[in-house]
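Undergrad: Got a predicted model here, sequence first, then my questions.
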Amino acid sequence: MAEAKVAPRPLSPHLQIYRWSWTMAMSVAHRITGLALYGGIVLFAIWLVALASGPSAFDTAQGFFGSPLGYLILFGYTWILMHHMLGGVRHLVWDFGYGMEAAQRINMARFTLIGSIALTLAIWVVAFLAF
Amino acid sequence: MADNRADTRVSMRTPLARVKGLGAAGHGVEHWWIHRVTAVSNVPLIIAFVIIVAALAGSSYQDAIAIISHPLIAIILILAVISVTNHMRLGMQIVIEDYVHDKGYKIAALIANNFYAVIVAVACLYAILKVSLGRILV
């Protein structure tokens, strides 16, 4: 084997070349929401450990989550969680070989976004009314 | 579904390798499969988790202890923590293997990923068990 030669073959352009499509956007969003949940779960761990530590630690944690910033984080976390859950169900449907047609793909991707927003709003409305 | 399996009559693989089904990496589809199994188990557990967290909003210390230490809620939360931390560990491993190409950084990131997932899991499980065990509902 001599020196490596650059083959004159067509190369796949990088990500920013492509026109954004629903399926592409929701695929990227699925990975980003997964990463956000990965980091965000530590908030739940902190809340639980604060509860196990005693009343003063718990009141500090509960005070943070009850603040405007805490509510904003929890609201965002709810949407991220619902988006990742619906996106995951979409992937499970594909794993069974269904929903591969172009129209089905795009509709499922749209439903991931619309459904996650609707679920998030429903959860917060119900939570405010019930608890 | 179509049968996409390779034609074994022309395969170069040994019969033993085919029966073991572990592939070139020697791990088979375990990572992929457990990722899917935990995805399925996550769905009902996360729905329950969201309801429990909503019920905890604005609760006092006594209320929170009473909710978390209820056997049904504690068991659901323990199952959710086990399912979610495994799912997120497997998912982050895929992301690391996709984007971190330097071998040293990749190994360090994979180890850190495992440590993080275990620390989160143990912290959550310890806290749930601490407030639950020994508390008798009357």
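TA: Here it is on my side, so go on.

Undergrad: three-state assignment of residue 59?
TA: Answering for chain A, as no chain was given. At residue A:59, secondary structure determined by DSSP: H, G, I helix; E, B strand; the rest coil is helix.

Undergrad: not quite, I wanted chain B
TA: Quick answer, by three-state DSSP: residue B:59 is coil.

Undergrad: for it, what are its contacts?
TA: Residues near residue B:59 by C-beta atoms under 8 Å, 6 or more residues apart in numbering or on different chains: A:62, B:67. Heads up, the C-betas are built off the backbone N, CA and C, glycines and all.

Undergrad: if we go to 10 Å?
TA: Counting by C-beta atoms under 10 Å, 6 or more residues apart in numbering or on different chains, residue B:59 touches A:58, A:62, A:66, A:131, B:65-68.

Undergrad: Could you list the low-pLDDT ranges of the chain?
TA: Using chain A here. Across chain A, the ranges flagged by pLDDT under 70 are A:1-5.

Undergrad: that's the other chain; I wanted chain B
TA: Within chain B, the segments meeting pLDDT under 70 span B:1-2, B:4-9, B:136-138.

Undergrad: Tell me which residue is most central in chain A.
TA: Of all residues in chain A, the one closest to the mean position by C-alpha atoms, centre = their mean is residue A:33, 2.6 Å from it.

Undergrad: Double-check it against residue A:87; I have them as touching.
TA: Yes: the pair residue A:33 / residue A:87 is scored as a contact, 7.1 Å apart, by C-beta atoms under 10 Å.

Undergrad: Show me where chain B has its helices.
TA: In chain B, the segments counted as helices under DSSP state H are B:15-20, B:30-56, B:61-68, B:71-99, B:103-132.

Undergrad: For residue B:54, list the residues it contacts.
TA: Contact analysis of residue B:54 by C-beta under 10 Å, 6+ apart lists A:74, A:78, A:123-124, A:126-128, A:130-131.

Undergrad: Report the buried members of those.
TA: Neighbour counting by 16 or more other C-beta atoms under 10 Å in any protein chain shown classes A:74, A:78, A:123-124, A:127 among the contacts of residue B:54 as buried.

Undergrad: Mind jotting down where the strands sit in chain A?
TA: Counting by DSSP state E, chain A has no strands at all.

Undergrad: Much appreciated, bye for now.
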